[in-house]
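J.: Could you look at this predicted model? Sequence included:
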Amino acid sequence: MHFLDIHKTDPAELRAILDMAVEMKTRRAGQPKGVRDADRPLDGRIVALIFEKPSTRTRVSFDVGVRQMGGDTLVLTGSEMQLGHGETIADTARVLSRYVDLVMIRTFEEESLLELAENATVPVINGLTNRSHPCQIMADVMTFEEHRGPIAGKRVVWCGDGNNVFASFAQAAAQFGFDMVFSGPETLDPERAVLEYAASRGRPVEIVRDPNLAVQGADLVLTDTWVSMHDTQTAKERRHNQLRPYQVTAELMTHANPDALFMHCLPAHRGEEATNAVMDGPNSVIFDEAENRLHAQKAIMRWCLGV
């Protein structure tokens with residue numbers, strides 16, 4: 001089974017994946033450092049990790065996760081593969097399917113992911129595209145529930161750019177039953193298709209331009225980096241000017257619920273999208289969130305392979 005997007009996976013299956021992630025994390029926490037897991041469900045399996053976009057957390061967490069479960073990884077970069085340049089993505093998918101048991105791809109265009117999945121005969125996992133980031137959201141839901149219990153019925157507020165991470169959160173709102181609020185400049189609103197999907201599932205995204213009003217009653221406040229590594233300097237300056245009013249500060253967090261958590265999927269530009277006081281504050285769970293990428297993705301791989 002492929003894991004391509006939050007809204008393309010049944011809610012019951014998403015819950016089963018998270019339950020598996022929690023169980024594996026709990027079991028591993030009880031083991032001494034350096035002891036190999038007795039349960040090695042990927043023993044003899046090879047996972048191809050394709051990175052058209054560079055990565056730290058995605059690369060390390062998937063690589064370590066495969067190894068912890070007894071499998072082997074084959075890491076391929078865009079420059080090594082020339083994905084879609086010369087050989088078609090469809091042919092690449094067919095060839096890789098003869099060599100490996102599972103493919104994770106972190107790419108730019110969603111179309112590349114979909115074409116790979118359509119033509120592969122092994123499971124494909126979306127490690128990130130310009131439109132979505134489902135593995136991150138699975139880790140985020142896992143992290144929230146570790147600290148605050150079920151996310152259903154909670155108020156989740158996004159401050160900043162309506163980007164790919166936000167899109168997956170809006171999709172997750174319908175799947176997990178929480179309320180999603182977007183607070184950012186109109187020029188950086190989420191894609192209309194994302195908003196229409198959430199509304200069609202009975203979880204319309206509330207748009208509140210004033211961040212102080214948006215976070216009132218919030219159980220979780222999130223943000224993400226304001227700029228991409230591929231942005232020009234002019235584009236970066238323009239985005240900074242638009243997003244500066246949406247910086248998550250200690251003062252802004254006082255308008256949320258007292259026990260509201262703060263998350264950032266990292267990497268962060270400290271002092272830009274959020275202040276150090278928030279990122280290192282008592283309500284911040286950014287490093288639990290980063291760790292849970294490992295556990296959530298291990299469970300996703302097992303679900304895809306049925307092991």
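T.: Structure's in. What do you need? Numbering: from 1, shown residues only.

J.: hey, let's count contacts and neighbours off CA atoms from now on
T.: OK.

J.: State the number of residues packed around Gly271.
T.: Gly271 has 14 neighbours, counted by other CA atoms under 10 Å.

J.: whoops, I mixed them up, Leu102
T.: Leu102 has 24 nearby residues by other CA under 10 Å.

J.: Verify the contact between it and Thr121 for me.
T.: No: the pair Leu102 and Thr121 does not pass the contact test of CA atoms under 8 Å, sitting 9.2 Å apart.

J.: where does the stretch 151-300 of the chain dip in pLDDT?
T.: For the stretch 151-300 of the chain, the stretches flagged by pLDDT under 70 are 229-231.

J.: cutoff 80 now
T.: Residue ranges of the stretch 151-300 of the chain with pLDDT under 80: 228-236.

J.: Tell me which stretches of it form strands.
T.: Shown for the stretch 151-300 of the chain, the strands assigned by DSSP state E, counting those that start in this stretch span residues 155-159, 179-183, 206-207, 220-223, 261-264.

J.: got a list of contacts for the second one?
T.: Going back to what we said before, that points to strand 179-183. Under the contact criterion CA atoms under 8 Å, 6 or more residues apart in numbering, strand 179-183 has outside partners 153-160, 162, 169-170, 173, 203-211, 214, 246.

J.: and if you look at the first one?
T.: With contacts defined as CA under 8 Å, 6+ apart, strand 155-159 is touched by 166, 178-184, 211, 214-215, 217-223, 246-248.

J.: Would you mark the buried spots in it?
T.: Arg155, Val156, Val157, Trp158, Cys159 (16 or more other CA atoms under 10 Å).

J.: got the residues you listed as CSV, with distance to Ala277 columns?
T.: Conversion of the buried residues of strand 155-159 to CSV gives the following (distance: CA to CA, whole Å):
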residue, distance to Ala277
Arg155, 22
Val156, 20
Val157, 19
Trp158, 18
Cys159, 16
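
J.: so which of those residues comes closest to Leu83?
T.: Closest approach to Leu83 among those (CA to CA): Trp158, at 33.2 Å.

J.: So what pairs up with that closest one in the strands?
T.: Note on Trp158: beta-bridge partners by DSSP bridges are Phe182, Leu222.

J.: ok, the nearest residue to Met69 once chain neighbours are set aside to Arg155 distance?
T.: Distances taken as CA to CA, 6 or more residues apart in numbering place Arg40 nearest to Met69, at 4.5 Å, with adjacent residues excluded. Using CA to CA, to the nearest Å, Arg40 is found at 38 Å from Arg155.

J.: ok so, going back, let me see the contact set for the residue nearest to Met69.
T.: Counting by CA under 8 Å, 6+ apart, Arg40 touches Gln68, Met69, Gly70, Gly71.

J.: Got phi/psi on the third one?
T.: When quoted as degrees, to the nearest 10, the phi and psi of Gly70 stand at phi 90, psi 0.

J.: tell me the contacts of the residue nearest to it when sequence neighbours are not counted?
T.: Distances taken as CA to CA, 6+ apart put Asp43 closest to Gly70, at 4.4 Å, once the chain neighbours are dropped. By CA under 8 Å, 6+ apart, the contact list for Asp43 reads Met69, Gly70, Gly71.

J.: That's all I had, so thanks and see you.
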